[in-house]
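*Asks:* fold the following, please.
(2 chains)
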There are 2 protein chains.
Amino acid sequence: MPRNAFYAQSGGVTAVINASAAGVIETARRHRKQIGKVYAGRNGILGALTEDLIDTSKESAADIRALRNTPGGAFGSARYKLKGVEKGGHEYERLIEVFKAHDIGYFFYNGGNDSADTCLKVSRISATLGYPIVAVHVPKTVDNDLPITDTCPGFGSVAKYVATSMMEAVLDVESMARTSTKVFILEVMGRHAGWITAATGLAAREPGQGPQILLFPEVPWNEEAFLARVEQTVKQYGYCAVGASEGLQDAHGKFLSESGLKDAFGHSQLGGVAPMLANLVQAKLKLKQHWAVADYLQRAARHIASKADLEQSYAVGRAAVELAAKGMNSVMPTIVRTSSKPYRWKIGVAKLSDVANVEKKMPRDFITPDGFHITQKCRNYLQPLIAGEAFPPFEGGLPKYVRLKNVPVRKKTGEYKP
Amino acid sequence: MPRNAFYAQSGGVTAVINASAAGVIETARRHRKQIGKVYAGRNGILGALTEDLIDTSKESAADIRALRNTPGGAFGSARYKLKGVEKGGHEYERLIEVFKAHDIGYFFYNGGNDSADTCLKVSRISATLGYPIVAVHVPKTVDNDLPITDTCPGFGSVAKYVATSMMEAVLDVESMARTSTKVFILEVMGRHAGWITAATGLAAREPGQGPQILLFPEVPWNEEAFLARVEQTVKQYGYCAVGASEGLQDAHGKFLSESGLKDAFGHSQLGGVAPMLANLVQAKLKLKQHWAVADYLQRAARHIASKADLEQSYAVGRAAVELAAKGMNSVMPTIVRTSSKPYRWKIGVAKLSDVANVEKKMPRDFITPDGFHITQKCRNYLQPLIAGEAFPPFEGGLPKYVRLKNVPVRKKTGEYKP
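*Replies:* Coordinates of the predicted model:
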């Protein structure tokens, strides 16, 4: 008898996480002998805890297909870490209770480091409680910091967005620098790993072309060296463009964005490495500056998604179901690069115990010796990940994004407050 | 005998100002009986003052054609106001000296309000000094604040960018709001007019859909009303998205971004209405917030340009040359809307004396009575301006933008320091 599946989105959403959802749902629909319905968690894992399940079988094939083109989390995602017994909670047990009530035998969890750990724990508690669950993690994170897999679905699209945006802003700044802005700073995501910052560097394709400076979280902040480099760059090229990580930190690991700035109300200034750097440039070098903070725009920019990333996001969703159908438990499909030029990849498999809580930072040889840019080796790695365009359909001048019906499944257990 | 033409880009560049350059150059190449070479000013009008002219006849037809696809200013632009006798300068006389030396009989100036005024003055000094110049202004400004013309080339593309970006960010925020960010603020350009802010409102297509709040420079800032509306929106819809103008100001016309915030170095905080509003929301409402500042990304975003805007930008460049060839002086081609549904437009003509130094703000009936959103009338105006896609060609995952040779013209006058 086929058993039902549970799918949930976890953590920060991306431009292509819904493509993974489409991969899971469409593939499950082709495995009806093993897999019954796919229930999605409304607001991620919270939907499982509160038994707020969505019946994806009520969605048309066309709408599920349109998930490929739609950013954000179609079922809602959550930043929520399940409380196990060690935290005085029984949330894993509650999960199993809900899964039992709905005959759920497959657990597909779509997220980053934290959710890989959760997925592993679900598979363990299922063994402990003697309720069989096949748990497969579907990788997703714009931070690109999961181990084993060559890249993380979601990253390639952010990389394409920030490289394109930086390239365009550089053309703007360069053409105005004679009489206007000399220094431009673009702040991008990546609290601990500089992968997205590295991607802004792809916009610099010739010597001297902006961005001339990249600031990675992996390289301790050095005010003097930064200012000297900015001054030198403006002297040499007439302008200076900077790609800066939000996670920029000093030699003691203290975030620059938490350096105690106060606003007029006396509150700590929130975030904003870019305005801080811009202020510094203005104050110390007396150079006219501008800055941008892309924030959610970068990870939601489905309109400029990478085709390679989109295809991989779909592929890991599909592979997760295929692995589960074969009974492979406690694993995660990975992207395996078989060639860079031309770019070729295939799907591999990693054990969740090898993935959970391991963070992949930028290798030192991806960063130039002076710490201010990416190496050719890094370019060779990044370049294929932004390849190809996959524009969504447009209607009335705007992308046409699908909104699912998200029909709830009738509850079977008692009320539960997480 | 044909006389040469001078073309210069002025003020902030856009995603499509080079399409106007292509319109001027390609059309001049088809009017060889009246127009000789087109010389472009390197770094805008500064190129005329310093006799730093670019010979566009050295560029291939393919490269000029590719200007349609390339953002920024291909010849360099400048923020520079010519000093006339009233300012103790003789820069208009210097311009005529350079024009005489190069037999320049046509002046095409591609810019906003200020440059329309400059263009008018060039045409007047030419009469005063008895050196005939046909001066035609080519409209361009993302601020959309030129009078008479239905819209300003450059605006439609920014509008499409901010509406798309807001729509994508809203999908992100909405799907995470249960456990994460409740309030998202996107700051956009428009120091005195709220046109770009209004365009973010196009992302809200259904009641309750974000952005639920727009903050226009035309509506005096009211902290209490804003906070109450944010709180109410989060209560009702689970999240609140805000489109905020950089030019937000209080009832006394004082910019919020100049409200005396100091950073750790004791310097005034530069720009950033979005982080200021976000801080306020966090402090007063204790709601988790995120913010983005698009800055140059919005006006350089050729990758998501509006097809309507691109065509109009090209058309005003072409029309400027056609008007000049007919001997029409001291004028500006305009966009005349003949129908909204379906959208139809044609080129008209305005006298520069009616354009110079007149600023078109948002009409009051484009803003809802409560001041927090756009009306249906405003939507009807904006909608056609973002219509159609005009993606640039891509290569290696990034847009393929042209870089001209920009060959200098041999100098004929003595050195001049502006």
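
*Asks:* which residues sit in contact with A:Asp114?
*Replies:* Residues near A:Asp114 by CB atoms under 8 Å, 6 or more residues apart in numbering or on different chains: A:Ser10, A:Gly11, A:Lys81. Backbone N, C-alpha and C define where each C-beta goes, glycine included.

*Asks:* what's the answer for A:Ala305, then?
*Replies:* Applying CB under 8 Å, 6+ apart to A:Ala305 gives the contacts A:Ala15, A:Val16, A:Pro71, A:Ser157, A:Lys160, A:Ala390, A:Pro392.

*Asks:* just send those residues back as JSON lines, with neighbour count too.
*Replies:* Formatted as JSON lines, the contacts of A:Ala305 follow (neighbours: other CB atoms under 10 Å in any protein chain shown):
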{"residue": "A:Ala15", "neighbour count": "34"}
{"residue": "A:Val16", "neighbour count": "33"}
{"residue": "A:Pro71", "neighbour count": "29"}
{"residue": "A:Ser157", "neighbour count": "32"}
{"residue": "A:Lys160", "neighbour count": "32"}
{"residue": "A:Ala390", "neighbour count": "21"}
{"residue": "A:Pro392", "neighbour count": "22"}
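
*Asks:* keep these, but drop any that are not near chain B.
*Replies:* Filtering the contacts of A:Ala305 for proximity to chain B (criterion: CB under 8 Å from any CB of the partner chain) leaves A:Ala15, A:Pro71, A:Lys160.

*Asks:* in helices only, show me those.
*Replies:* Among the ones next to chain B among the contacts of A:Ala305, DSSP state H puts A:Lys160 in helices.

*Asks:* stretch A:408-418 vs chain B: in contact?
*Replies:* No - using CB under 8 Å from any CB, stretch A:408-418 never reaches chain B; the gap is at least 9.9 Å.

*Asks:* helix/strand/coil for A:Lys37?
*Replies:* Three-state call for A:Lys37 (DSSP: H, G, I helix; E, B strand; the rest coil): strand.

*Asks:* go ahead and confirm it touches A:Ile54.
*Replies:* No - using CB atoms under 8 Å, A:Lys37 makes no contact with A:Ile54, being 10.3 Å away.

*Asks:* how far away is A:Gly194 from B:Thr375?
*Replies:* Using CB to CB, to the nearest Å, A:Gly194 is found at 45 Å from B:Thr375.

*Asks:* the more surrounded of these two?
*Replies:* Between A:Gly194 and B:Thr375, counted using other CB atoms under 10 Å in any protein chain shown, A:Gly194 has the larger neighbour count: 30 against 17.

*Asks:* is chain B within reach of the helix or strand where A:Ala278 lies?
*Replies:* For A:Ala278, the element it lies in under DSSP states H and E is helix A:273-285. Yes - with CB under 8 Å from any CB as the measure, helix A:273-285 is seen reaching chain B through A:Ala274, A:Pro275, A:Met276, A:Ala278, A:Asn279, A:Leu280, A:Gln282, A:Ala283.

*Asks:* for the residues you listed, which one is nearest B:Ser180?
*Replies:* Proximity of those to B:Ser180 was ranked by CB to CB; the top entry is A:Ala274 with 21.7 Å.

*Asks:* which residues touch the closest one?
*Replies:* Counted by CB under 8 Å, 6+ apart, A:Ala274 has contacts A:Ile185, A:Leu186, A:Glu187, A:Ala244, A:Trp291, A:Ala292, A:Val293, B:Val293.

*Asks:* run the last query once more with 10 Å
*Replies:* Shown in contact with A:Ala274 (CB atoms under 10 Å, 6 or more residues apart in numbering or on different chains): A:184-188, A:242, A:244, A:246, A:248, A:257, A:289-294, B:272, B:275, B:293, B:295.

*Asks:* ok and the helix or strand A:Val234 falls within relative to helix A:273-285, angle-wise?
*Replies:* Here A:Val234 sits within helix A:223-237, counting by DSSP H and E. Interaxial angle, helix A:223-237 versus helix A:273-285 (axes from the mean of the first three to the mean of the last three CA atoms, to 10 degrees): 80 degrees.

*Asks:* packing partners for helix A:223-237?
*Replies:* Helix A:223-237 is packed against strand A:183-188, strand A:213-215, strand A:240-245, helix A:273-285, with contacts defined by 3 or more CB pairs under 10 Å, 6 or more residues apart in numbering or on different chains; DSSP states H and E.

*Asks:* what about A:Val321, distance to A:Leu404?
*Replies:* 19 Å.

*Asks:* of those two, who's got more company?
*Replies:* Neighbours of A:Val321 and A:Leu404, each counted by other CB under 10 Å, are more numerous for A:Val321; the result is 28 against 20.

*Asks:* does the more buried one touch A:Val138 like I think?
*Replies:* Yes - counting by CB atoms under 10 Å, a contact exists between A:Val321 and A:Val138, whose distance comes to 9.3 Å.

*Asks:* pLDDT score for A:Val349?
*Replies:* In this model, A:Val349 is scored at 98, pLDDT.

*Asks:* err, A:Thr181, not the other one
*Replies:* pLDDT, read off for A:Thr181, is 95.

*Asks:* excluding covalently adjacent residues, which one is nearest to it?
*Replies:* With sequence-adjacent residues excluded and distances taken as CB to CB, 6 or more residues apart in numbering or on different chains, A:Thr181 is closest to A:His290, at 4.7 Å.

*Asks:* shared neighbours of A:Lys37 and A:Ile54, anything?
*Replies:* Common neighbours of A:Lys37 and A:Ile54 (criterion: CB under 10 Å, 6+ apart): A:Val409.

*Asks:* OK, contacts around the closest residue to A:Asp365 other than its chain neighbours?
*Replies:* Among residues not flanking A:Asp365 along the chain, A:Lys377 sits closest, at 5.8 Å (CB to CB, 6+ apart). A:Lys377 makes contacts with A:Pro363, A:Asp365, A:Phe366, A:Ile367, as judged by CB under 10 Å, 6+ apart.

*Asks:* pick the one among the residues you listed closest to chain B.
*Replies:* When these are ranked by distance to chain B (CB to the nearest CB), A:Phe366 comes first, at 17.8 Å.

*Asks:* just the pLDDT at that closest one, thanks.
*Replies:* On the pLDDT scale, A:Phe366 gets 98.

*Asks:* quick check: it vs A:Val355, distance?
*Replies:* In this view, A:Phe366 and A:Val355 are 21 Å apart by CB to CB.

*Asks:* and A:Val162, by the same measure?
*Replies:* 26 Å.

*Asks:* more neighbours: which of these two?
*Replies:* Ranked by neighbour count (other CB under 10 Å), A:Val162 and A:Val355 place A:Val162 first, with 30 against 24.

*Asks:* what about that one, which helix or strand?
*Replies:* Element membership of A:Val162 [criterion: DSSP H and E] is helix A:155-176.

*Asks:* end-to-end on stretch A:71-90?
*Replies:* Counting by CA to CA, to the nearest Å, you get 33 Å between the two ends of stretch A:71-90.

*Asks:* for stretch A:375-385, output the C-alpha coordinates as PDB.
*Replies:* Provided in PDB are the C-alpha atoms of stretch A:375-385 (Å, rounded to 0.1, in the frame of the first residue of the first chain):
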ATOM      1  CA  THR A 375      41.100  34.000  -8.100                       C
ATOM      2  CA  GLN A 376      40.800  32.400 -11.500                       C
ATOM      3  CA  LYS A 377      40.100  29.100  -9.700                       C
ATOM      4  CA  CYS A 378      37.100  30.700  -8.000                       C
ATOM      5  CA  ARG A 379      35.900  32.100 -11.300                       C
ATOM      6  CA  ASN A 380      36.100  28.700 -12.900                       C
ATOM      7  CA  TYR A 381      34.000  27.300 -10.100                       C
ATOM      8  CA  LEU A 382      31.400  30.100 -10.100                       C
ATOM      9  CA  GLN A 383      31.000  30.700 -13.800                       C
ATOM     10  CA  PRO A 384      28.900  27.700 -14.800                       C
ATOM     11  CA  LEU A 385      26.600  28.200 -11.900                       C
END
